[in-house]
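[1] show me the folded form of this:
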Amino acid sequence: MVAIKKILFPTDFSLFAEHALKYAVAMAREFDATLYMLYVEELLPYVPGDPDRKFPDPETG
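    Numbers count the residues shown, from 1 in each chain. Presented below is the predicted three-dimensional model:
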């Protein structure tokens, strides 16, 4: 049997993710594993209230 000790659950907080979370929790309990949840938010390349403030261009620094 496979020893699962860590489970990564990426989420976008959608209804689909909510349903999938139930399975991730059940698996974590079944395998006595640690459940890690991950949410990544895409940043805008500029500040909406101040278009002069931007992230540096990786090509030009």
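
[2] span of stretch 45-52 from start to end?
    One end of stretch 45-52 to the other measures 11 Å (Cα to Cα, to the nearest Å).

[3] how far is stretch 3-15 from where the chain is centred?
    Between the centre of stretch 3-15 and the centre of its host chain there is 8 Å, according to Cα atoms, centre = their mean, to the nearest Å.

[4] point out where this structure drops to low pLDDT.
    Along the chain, the parts satisfying pLDDT under 70 run over 46, 51, 54-55, 61.

[5] where exactly do the helices run in this protein?
    Taking DSSP state H as the test, the helices found in the chain are 15-31.

[6] tell me how far residue 2 lies from residue 18.
    Distance check for residue 2 against residue 18: by Cβ to Cβ, to the nearest Å, it reads 26 Å. All C-beta spots, glycine's among them, are computed from the backbone N, C-alpha and C.

[7] for these two, indicate the residue with more neighbours.
    A direct count of neighbours by other Cβ atoms under 10 Å for residue 2 and residue 18 places residue 18 higher, at 10 against 4.

[8] hey, where'd the strands end up in this protein?
    Remark: strands assigned in the chain by DSSP state E are 6-10, 34-38, 46-47, 50-54.

[9] make CSV out of the ones you listed and add distance to residue 23 and mean neighbour count.
    Written out in CSV, the entries for the strands of the chain read as follows (distance: least, Cβ to Cβ, whole Å; neighbours: other Cβ atoms under 10 Å):
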stretch, distance to residue 23, mean neighbour count
strand 6-10, 9, 13
strand 34-38, 11, 12
strand 46-47, 38, 12
strand 50-54, 41, 8
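
[10] ok, which of the ones you listed comes nearest residue 25?
    Closest to residue 25 of these, according to Cβ to Cβ: strand 34-38, at 6.5 Å.

[11] related to what we said a few turns ago, out of the strands of the chain, flag the one nearest residue 27.
    Using Cβ to Cβ, the nearest of the strands of the chain to residue 27 is strand 6-10, at 5.9 Å.
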